[in-house]
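Trainee: Return atomic coordinates for the entry below.
(chains A and B, ligands or ions: 1)
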Amino acid sequence: MTSLTPFTTVTGHAAAMPEENIDTDIIFPARFLLLTARDGLGRHAFHDRRYHPDGTEVAGYVLNAEPFRAPAVIVAGANFGSGSSREQAVWALQGLGVRAVIAPALGEIFHNNCLRNGIVPIILPPATVAAMLEAAAAGAPFTVDLEGQTVTAGKADPVPFAIAPERRLALLNGWDETDLVLARFEGAIAAFEAGQRRIQPWLYPEDTTA
Amino acid sequence: MKPRTLYEKLWDSHVVADLGGADAAGGEALLYIDRHIVHEVSSPQSFVALRARGRRLRRPETHLAVADHAIPTRQRGTIDDPLAASQIAELEANVREFAVPYAALDGPEQGIVHVIGPETGFTLPGTTIVCGDSHTTTHGAFGALAFGIGASEQSTVMAAQALRQTRARTMKVELVGTRHPLVFAKDIALALIARIGANGAVGHAVEYAGPAVSAMAMAERMTLCNMTIEAGSRIGLVAPDETTYAFIRGRRLAPQGELFARACAYWDTLRSDPGAAYDRHVTIDLAEIEPQVSWGTSPNQTLPVSARVPDPAQITEPSQRREAEKALAYMGLTPGAPLLGTPVSHVFIGSCTNGRIEDLRAAAAIALGRKVAPGVRAIVVPGSMATRAAAEREGLDRILIEAGFEWRFSGCSMCVAMNDDRLSPQDRCASTSNRNFEGRQGAGGRTHLMSPAMAAAAAIAGHIADAREYVA
Ligand code: SF4
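Mentor: Model (predicted):
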């Protein structure tokens, strides 16, 4: 049932984005949503922050300088990934090589989308994130250890983070969620439907139209 | 049994399997999904995933597809943008291959996902409803557990009719007091978000209650629930009542006859029990709310229309000061200047927030006998073709066209910069949509969120104006 790259430990540079409310329109501008592929979207990530309208790079933007062009981690202000549900935002981060996102709060749909694509969403207290933003900007290497549920910035002590146990297992093993649900719960789903059909038959239009 | 909130009842009645602590906030469950709305932009990859594994839809009749985001609204029939045309062709091929009910682009039921769900009777109380779109919160106005999901989750719903979810905490927003007739649900939603913040409701399911909510028509309840995502919550709710039933009765996909009566009896149970505990409470006195206008690049950056643009120098909290500085630079506004009188180049009346018949009536009431100011491009985009037809029966189109507004076919239009209605850099738009994010209406475009009445007043005045001064 493996379909994603299993996640164990990732080490790399972290791009610091010390700004609140970096929404998914910023991460992946709407006009690129007309593309129906999910690969190759990394070049559009943060497009209007990264590039001038003529296509040249915006000097000084974090993703336009080494060693942050292909960061393993993004550390951001509160509410990163808020707004639109577009999963392209996560696919674009994936395209950049991002494997973990750290912030004091994350958009909730974005949070789920990360979990479905092998990116570890990490929510930490504001003061911890503030320290990590500084470490990231200073070029400290970050290590995300999903097995041990810790993130380490440079020489600082490892910081534990929370993640639902089943989600962690799925990420560690690269399981496909649909496969998992069907394999484990197909019987329970059918039993649920039988019960619901009795109480709310109007939810089963196929019974009358078939 | 412990008293439960509406959210808890909806959650409990859809748990297929407890995946750990499902009976408390933060726990996980596999939830049964009753309804799924599909649009052209977020679904292509979901169908690709199905096809790659040779899967079919478990229950095709529980889905409803429509094209709304990428389509032009100037005309029906031709789509100039080849990428948009191919995205719509892909949707149409997918709905054929997977037997998904489809509201055809040139048909009478086409419209924005969150407008046509309720209009067709697809949206029903007591259901779980998902869509690859964050404003799925809208359907919570019917007492449905409705939330936005990503494309991968959509593919799971299609194949399994179930989805892993985390149980939210609960938040009750009580609306009390009497409002000015020109204060609308949009103003209330913006004022709430300004107060609690763009992530003020993260992790919570918000239930709107109180006498002012009971008195609201479905359109306004939908506006409230629609904007809930802008406070960070995926779920907004209003308990179903007679207003809800009256709206649903007779709609094509609603239960009919004896089944409708049975359904109403079931829906009557979907109210928070007396004494049910919420994790948070917010009370809003409507008497204190003025028409609202956003000044920044996040919906919480909103003020009453009589206010002045904030001065970052006077904001003590450093992160808020930085956010304000950044927003003002993007918006091209001067600290301390009055919001009233800020010139606009564009006006957009429409979207799933404010594209319903009540919204068009409010705009037409301001536009009647007046003219759009020279140099302002003002468009009215009904939320659905059914709404457009209803407006035309009432003659609203003539009032708006005579005033100088463009009268469009339905779609998302200028709410999202992915069709042919877009702002150019530095264009400034009075908009009834829901997001004033950087670039949301076009790269470099500047958005001021407001109600339809306020947007119509801005079109007439040529600048941000107070709708209360435009009524007889
Ligand atoms: S009108 Fe705007 S917010 Fe609503 S579904 Fe369309 S793009 Fe999304």
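
Trainee: wait, what's in contact with the residue nearest to A:Gly148 when sequence neighbours are not counted?
Mentor: Distances taken as CB to CB, 6 or more residues apart in numbering or on different chains put A:Pro158 closest to A:Gly148, at 7.5 Å, once the chain neighbours are dropped. (C-beta placed from N, C-alpha, C; glycine too.) Contact analysis of A:Pro158 by CB atoms under 8 Å, 6 or more residues apart in numbering or on different chains lists A:Asp145, A:Gly148, A:Thr150, A:Val151, A:Thr152.

Trainee: A:Pro158 and chain B, how far apart?
Mentor: Distance, A:Pro158 to chain B, by CB to the nearest CB, to the nearest Å: 23 Å.

Trainee: report the longest helix in chain B, please.
Mentor: For chain B, the longest helix by residue count, based on DSSP state H, is helix B:82-97.

Trainee: do the helix or strand just after that helix and chain A meet at all?
Mentor: Scanning forward in sequence from helix B:82-97 by DSSP states H and E, the next helix or strand is strand B:102-103. No. Strand B:102-103 stays clear of chain A (CB under 8 Å from any CB of the partner chain), getting no nearer than 15.0 Å.

Trainee: beta partners of the closest residue to B:Glu92 other than its chain neighbours?
Mentor: In this structure, B:Glu92 finds its nearest non-sequential neighbour in B:Tyr102, 7.2 Å apart by CB to CB, 6+ apart. On the basis of DSSP bridges, B:Tyr102 is bridged to B:Ala65.

Trainee: Next one, pLDDT for B:Tyr102 please.
Mentor: At B:Tyr102, the pLDDT value in this model is 98.

Trainee: what does B:Ser431 give?
Mentor: For B:Ser431, pLDDT reads 98.

Trainee: most surrounded residue in the contacts of A:Pro158?
Mentor: Among those, A:Val151 has the most neighbours (other CB atoms under 10 Å in any protein chain shown), with 26 neighbours.

Trainee: Report the secondary structure state of that one.
Mentor: strand (DSSP: H, G, I helix; E, B strand; the rest coil).

Trainee: ok, the residue in the stretch 151-300 of chain B positioned nearest to chain A - contacts?
Mentor: Using CB to the nearest CB, the closest approach of the stretch 151-300 of chain B to chain A is made by B:Pro255 at 3.5 Å. Shown in contact with B:Pro255 (CB under 8 Å, 6+ apart): A:Trp202, B:Leu124, B:Arg262, B:Ala263.

Trainee: I'd assumed B:Arg262 was in contact with the first one.
Mentor: The reference is to A:Trp202. Yes. Between A:Trp202 and B:Arg262 there is a contact at 7.4 Å, judged by CB atoms under 8 Å.

Trainee: what about these two, which has more around it?
Mentor: Relative neighbour count places A:Trp202 above the other of A:Trp202 and B:Arg262, with 20 against 15, counting by other CB under 10 Å.

Trainee: Distance of that one relative to A:Thr5?
Mentor: Going from A:Trp202 to A:Thr5 by CB to CB, to the nearest Å gives 44 Å.

Trainee: Kindly report the same for B:Pro44.
Mentor: Taken as CB to CB, the span from B:Pro44 to A:Thr5 is 23 Å.

Trainee: ok, the two, which is more surrounded?
Mentor: The residue with more neighbours, out of B:Pro44 and A:Thr5, is B:Pro44; 20 against 12, by other CB under 10 Å.

Trainee: Skipping adjacent residues, who's closest to the more buried one in space?
Mentor: Closest to B:Pro44 by CB to CB, 6+ apart is A:Thr36, at 4.0 Å.

Trainee: and which of the contacts of B:Pro255 is nearest to the ligand?
Mentor: B:Leu124 (19.7 Å; CB to the nearest ligand atom).

Trainee: that older thread, show the backbone phi and psi for the residue nearest to B:Pro44.
Mentor: phi -100, psi 0 (degrees, to the nearest 10).

Trainee: wait, isn't it in contact with B:Ser43?
Mentor: No. Using CB under 8 Å, A:Thr36 makes no contact with B:Ser43, being 9.4 Å away.

Trainee: which one of the two has more residues nearby?
Mentor: Using other CB under 10 Å as the criterion, A:Thr36 and B:Ser43 rank with B:Ser43 on top: 27 against 17.

Trainee: ok, now which ones touch that one?
Mentor: B:Ala65, B:Leu91, B:Asn94, B:Gly132, B:Ala151, B:Gln154.
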